[in-house]
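> pasting the sequence and the predicted model now:
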Amino acid sequence: MKILLSLLLFVLSLFSANNVYECNQIFEQRKAELSSKIEKIDEAREALEALRAATNALLDRKKKMLAQKEADINATLQKINLKEKNLKNMIAKNKELLKAIKEAKDDKISQTYSKMKDSAAAQILSSMNEYEAAGILFNLQAKKISKIMAKMPPNKASQITGILLKGPPFREKK
């Protein structure tokens, strides 16, 4: 019986050692599989971090380029606005100068015709375009206009009077 019992213990010990060995082998295999999966996950994480860093660097460069272009556009816009302001000032000054020149010219012409004899002024104005004559007469005093118109041919005087009634600017309508 002792022999049987020893044999039984021996067989049990063989089976239990084999089971322990198989469990350890399974755990080692599972451990190796998990280690390889962890390595793959770590590699994927590193690749993701590298991609994120590259994307952030690219995004920063794009932001800097955009900010630079925006600054350039704003500077150009300021230059354009300054030039536009200068042009408007120049146009206003030119208009003032043109107005002053026109007034000076009209004053000279008016002074010239006001100093002329009525019959000579009437002859000259009669031979001119009606609108030009109306422009000249408009700048004269009413007394002088009446004396000159009295010396003009009646049809020419009536045409000029009609133009004077409409008022300035005295331009021929096309």
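Yep, that arrived.

> does the most centrally placed residue in the chain lie in a helix or a strand, and which?
Centroid check for the chain by Cα atoms, centre = their mean gives Leu77 as the closest residue, at 7.2 Å. Element membership for Leu77, per DSSP states H and E: helix 2-115.

> tell me what that helix is packed against?
Applying 3 or more Cβ pairs under 8 Å, 6 or more residues apart in numbering; DSSP states H and E, we find helix 2-115 packed against helix 130-138, helix 142-151. C-beta coordinates here come from the backbone N, C-alpha and C atoms, glycine included.

> output the helix or strand following that helix as PDB, nothing but the C-alphas.
Using DSSP H and E, the helix or strand that follows helix 2-115 in sequence is helix 118-127. Taking C-alpha atoms only, helix 118-127 is exported to PDB below (Å, rounded to 0.1, in the frame of the first residue of the first chain):
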ATOM      1  CA  ASP A 118     -21.500 149.800 -76.500                       C
ATOM      2  CA  SER A 119     -21.700 149.500 -80.300                       C
ATOM      3  CA  ALA A 120     -18.200 147.900 -80.500                       C
ATOM      4  CA  ALA A 121     -19.100 145.400 -77.800                       C
ATOM      5  CA  ALA A 122     -22.500 144.700 -79.500                       C
ATOM      6  CA  GLN A 123     -20.700 143.900 -82.800                       C
ATOM      7  CA  ILE A 124     -18.200 141.600 -81.200                       C
ATOM      8  CA  LEU A 125     -20.800 139.700 -79.100                       C
ATOM      9  CA  SER A 126     -23.200 139.400 -82.100                       C
ATOM     10  CA  SER A 127     -20.500 137.600 -84.100                       C
END
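
> how many other residues sit next to Asp118?
For Asp118, the neighbour count with other Cβ atoms under 10 Å is 16.
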